[in-house]
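**Student:** Pasted the sequence and its predicted model underneath.
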Amino acid sequence: MTRVLIVEDHRIVAEGLTLGLESEGYDVRFSDGSPAAMAAACEEFDPEIVLLDLNLGDHGSGVDLIPALVAGGRTVIVLTGIAAEDTLAEAYAAGAHAVIDKTVPFPQLVDEMAAVHKGESVFAEQRRHEVVRAYRLSMEERARRLEPFSRLTPREEEVLTMLVEGFRATDIAEAFYVSLSTVRSHIKSILAKLGVGSQLAVVSMALKSGWVERRREPSSRGDGLPGTEAP
């Protein structure tokens, strides 16, 4: 009897899946994704298949659990309602064998789960390629939007960040201990390099392009994704 561990923080969902899979002849347990519960389940139950939700509430992202589960020789199938390509691509990069949407009919879920475990699922491989391709295109588009910002100097980036945060030129001058004319010169240069005509437009461009979020990231996302290269 194949052992299946359901990792899901919504108990009603987990119990429903458990009853359904047990009726199909599987030996099933479920966990809310907490470190203690996961450790106990893997040691005592030793699942062969793990149906993993990605949003585990207080226990964080299911993506973080994938490497250890895969290293233990388990078939990890992400069962989620999340459609964001970046999150799904991260799951694949972490080692997930397949991603299945929670909305699929139960009989289809059972068939696909069995096929993935046997390494015979054509759908799973197609899904992987679709996700990776969509993510790659998204990252290429993001890189295109961000390219103009690479022309800014470090000080101009700091000035733009303060403009986005709502600071006036006089506030920026006081913060940097420079003259107002120096700040205005920085702002003029920023507008010219980004090809916009006003501070309002440059702030809008910084927000819509994702530059603000990019500046806050410790490192580029996308490294190590299957079939991709970091932008």
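**Tutor:** On my side now, so go ahead.
**Student:** where does the chain have its least confident helix or strand?
**Tutor:** Lowest on mean pLDDT, DSSP states H and E among the helices and strands of the chain sits helix 122-146, with a mean of 81.
**Student:** outside of stretch 149-167, which residues touch it?
**Tutor:** Outside of stretch 149-167, the residues that reach it under the criterion Cβ atoms under 8 Å, 6 or more residues apart in numbering are 171-172, 175-176, 183, 186-187, 189-190, 193-194, 199, 202-203, 206-207, 209, 211-212, 215. Every C-beta, even on glycine, is put in place using the N, C-alpha and C of the backbone.
**Student:** before we move on, the earlier item: pull out the buried positions in the least confident helix or strand of the chain.
**Tutor:** By neighbour count, and taking 16 or more other Cβ atoms under 10 Å as the criterion, the buried residues in helix 122-146 are 124, 127-128, 131-132, 134-136, 138-139, 142-143, 146.
**Student:** Any chance of JSON lines for these, columns distance to residue 99?
**Tutor:** Written out in JSON lines, the entries for the buried residues of helix 122-146 read as follows (distance: Cβ to Cβ, whole Å):
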{"residue": "124", "distance to residue 99": "8"}
{"residue": "127", "distance to residue 99": "6"}
{"residue": "128", "distance to residue 99": "8"}
{"residue": "131", "distance to residue 99": "7"}
{"residue": "132", "distance to residue 99": "11"}
{"residue": "134", "distance to residue 99": "12"}
{"residue": "135", "distance to residue 99": "12"}
{"residue": "136", "distance to residue 99": "16"}
{"residue": "138", "distance to residue 99": "16"}
{"residue": "139", "distance to residue 99": "18"}
{"residue": "142", "distance to residue 99": "22"}
{"residue": "143", "distance to residue 99": "24"}
{"residue": "146", "distance to residue 99": "27"}
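**Student:** Now the element after the least confident helix or strand of the chain, going C-ward?
**Tutor:** For helix 122-146, the following helix or strand on the C-terminal side (DSSP states H and E) is helix 154-164.
**Student:** Quick one: mean pLDDT for that next one?
**Tutor:** Rounded to a whole number, the mean pLDDT of helix 154-164 is 95.
**Student:** Okay, and the residue nearest the centre of the chain sits in which element?
**Tutor:** Within the chain, the residue whose C-alpha comes closest to the C-alpha centroid is residue 87; the distance, by Cα atoms, centre = their mean, is 2.5 Å. Element membership for residue 87, per DSSP H and E: helix 85-94.
**Student:** One more: residue 167?
**Tutor:** Assigned by DSSP H and E, residue 167 falls outside every helix and strand.
**Student:** residues in contact with stretch 90-106?
**Tutor:** Contact with stretch 90-106 is made by 20, 52, 54, 62-64, 66-67, 69-71, 75-81, 83, 88, 109, 112-113, 116, 121, 124, 127-128, 131-132, 221, 224-226, as judged by Cβ under 8 Å, 6+ apart.
**Student:** go again using 7 Å as the cut-off
**Tutor:** Applying Cβ atoms under 7 Å, 6 or more residues apart in numbering, the external contacts of stretch 90-106 come out as 20, 54, 63, 66-67, 70, 75-81, 88, 109, 112, 116, 121, 124, 127-128, 131-132, 224-226.
**Student:** Just flag the most distant two among the buried residues of helix 122-146.
**Tutor:** Farthest-apart pair in the buried residues of helix 122-146 is 124 and 146; separation 32.6 Å (Cβ to Cβ).
**Student:** from memory the residue nearest to the centre of the chain sits against residue 61, does it?
**Tutor:** No - counting by Cβ atoms under 7 Å, residue 87 does not reach residue 61; the two are 8.0 Å apart.
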